[in-house]
Structure formats: structure tokens, C-alpha cells
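Q: Quick one, what's the 3D model for this:
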Amino acid sequence: MNPALTYRNELKFFINRHQYWIMRQRLLGVLKHDAHTGTSGEYHIRSLYFDDINNKALHEKLGGIRDREKYRIRIYNKSDKVIHFEKKIKFRDYIAKVKEPLTREMYEELMAGRYEFLKDSGKPLLEELHDKMKYSLLRPKVIVDYVREPFVGHYGNVRITFDKDLRTGLHATDIFDEELEPIRAIEDNLIILEVKYDAYIPAAIQTALQLEGLNRQSASKYVICRKFLKTNSWEDY
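A: You can find the predicted model right below:
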């Protein structure tokens, strides 16, 4: 574990829409929607996940390796106003995330395979990206697309998210492609529930979620979309 990072607990579950509506109504009484959401209480997320020449991130997840990392570029509501390059780190049952902002120009350079500008950026994460792209052949692999409804709570630093309509961009790798039409990657009735917290979940939130009645899942959106890609195309990993 890197002591310089802030690690949190993360639990994931598949739930159906009936369970979602019950949980949502209960949570509205104890939590608030994230301030970044609109009047609908939701926003759209599109991520471009990277992996190396050996598909290390994919195989480590499928192989049950507990300590691992993933790289991605993420945007919100299909806009280039906020573009982040992110590294998600898993250590045992805990997660941490580090990120750096990208400009649209930086994104376009990366997509064109021109990454040398990262080398002297002065940003450790971007310099790490440079080395991964140069020496491990880290490259874009799949677009992951969904709608998120987030709830947040001050006590316990709790964040509850319902991720809906999970889709994949198949072989597309340009997250700003206006003609991109992502394809559904899981059943329409399924929603991914994620529960993130620091040390504890307040009792009122535990009561609202009733997690003891649910089965924890790995629910990796990256893996789901890569496996969908393999099943429905020629991809071989």
C-alpha cells in the first residue's frame, strides 16, 4: 500500500430495477445527490480504458489478482470541458485513485500515438503514462459508457452510485466521436450499485441499502465490456 494515497472501501453489486427504486426512495431520505448532477440527479460518463500488449489489467482481474491497477481517460456528459487521465489502484479490498487533467489537444495527441510530450510534463502520473505507453505498449482498448446517479453523505464520506445502461463502444476508441453509437453490454434490467466509504457506513444508510441481502460481485465495467467485445467480434485476448 502506498501511504501517500487515500484508500477507501468499495463494494459492488448487481441489482435489478425493482431493487433500485426501493433503495433510491430510501436514500433520498438520508442522502443528497452529488452537486455535479443536473435536475435529473444523473450525469453521463464515458471512459476510454487502456491496457498493455499483454492485456495485463484484464487478465489480472479475470485471474483474481487482488492488487492491480487500471488506466483510463474519462469525460462527463460527452463534453471536453473536463477530461481526466486516471489511474485506479486496487489493494486488497481497498481502492485509491489518482488523476491529472488533460486538454483536448493533449487528448488528440495521445490518440494519434504522440506521447513524448508527457515525458517532461512534471506530473508523475503523466510521466508514468509516457513510460507505460513506450515500454509496455499501453494502448486504448475499449470505451465504457453509462449513466450514473450518485448520492453522497458527509458522515463516513459515503458515496453511493447507481450505474445504468452500461454500453460499450466496441472497436471505437474516440470518446468524442459524434457518430459513436455504443451497444448495450448487460441486460436492460441490471444496474451496478457501488458503495464507497472510508471507515464505516452510517446505520441509516445501511438500513436504506440492506446490503446483507445482496451478493457482492466483481462488476468490473472494463471487463464486462472487453468480454462483450470478445463475444461479439473477432477480438482475441
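Q: going forward, measure contacts and count neighbours with C-alpha atoms only.
A: Will do.
Q: Pass me the low-pLDDT residue ranges in this structure, would you?
A: The model of the chain has pLDDT under 70 over residues 1, 3, 230-237.
Q: got the phi/psi numbers for the residue nearest to Ile201 when sequence neighbours are not counted?
A: The spatial neighbour of Ile201 that comes closest, neighbours along the chain excluded (CA to CA, 6 or more residues apart in numbering), is Gly156 at 5.9 Å. The phi/psi pair for Gly156 (degrees, to the nearest 10) reads phi 80, psi 0.
Q: what do you get for Leu166?
A: Dihedral angles for Leu166 - degrees, to the nearest 10 - are phi -60, psi 130.
Q: ok, longest strand in this protein?
A: Ranked by residue count, the top strand of the chain under DSSP state E comes out as strand 139-153.
Q: Tell me which other helices or strands it touches.
A: strand 32-33, strand 43-51, strand 158-168, helix 221-231 (3 or more CA pairs under 8 Å, 6 or more residues apart in numbering; DSSP states H and E).
Q: quick check: angle from that strand to strand 43-51?
A: Comparing the axes of strand 139-153 and strand 43-51 via axes from the mean of the first three to the mean of the last three CA atoms, to 10 degrees yields an angle of 140 degrees.
Q: so strand 139-153 versus strand 158-168, what angle?
A: Angular relation of strand 139-153 and strand 158-168 on a 0 to 180 degree scale: 140 degrees, by the same axes, to 10 degrees.
Q: Only alpha carbons, please: show strand 139-153 as PDB.
A: The C-alpha trace of strand 139-153 is given here as PDB (Å, rounded to 0.1, in the frame of the first residue of the first chain):
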ATOM      1  CA  ARG A 139      -2.900   1.500 -25.700                       C
ATOM      2  CA  PRO A 140      -6.600   2.300 -25.800                       C
ATOM      3  CA  LYS A 141      -8.700  -0.800 -25.700                       C
ATOM      4  CA  VAL A 142     -12.400  -0.100 -25.200                       C
ATOM      5  CA  ILE A 143     -14.900   2.600 -24.500                       C
ATOM      6  CA  VAL A 144     -17.200   2.200 -21.400                       C
ATOM      7  CA  ASP A 145     -20.300   4.300 -21.400                       C
ATOM      8  CA  TYR A 146     -23.100   4.600 -18.800                       C
ATOM      9  CA  VAL A 147     -25.400   6.900 -16.800                       C
ATOM     10  CA  ARG A 148     -24.600   7.400 -13.200                       C
ATOM     11  CA  GLU A 149     -26.900   8.500 -10.400                       C
ATOM     12  CA  PRO A 150     -24.700   9.400  -7.300                       C
ATOM     13  CA  PHE A 151     -25.600  10.000  -3.700                       C
ATOM     14  CA  VAL A 152     -23.200  11.400  -1.200                       C
ATOM     15  CA  GLY A 153     -23.000  11.600   2.600                       C
END
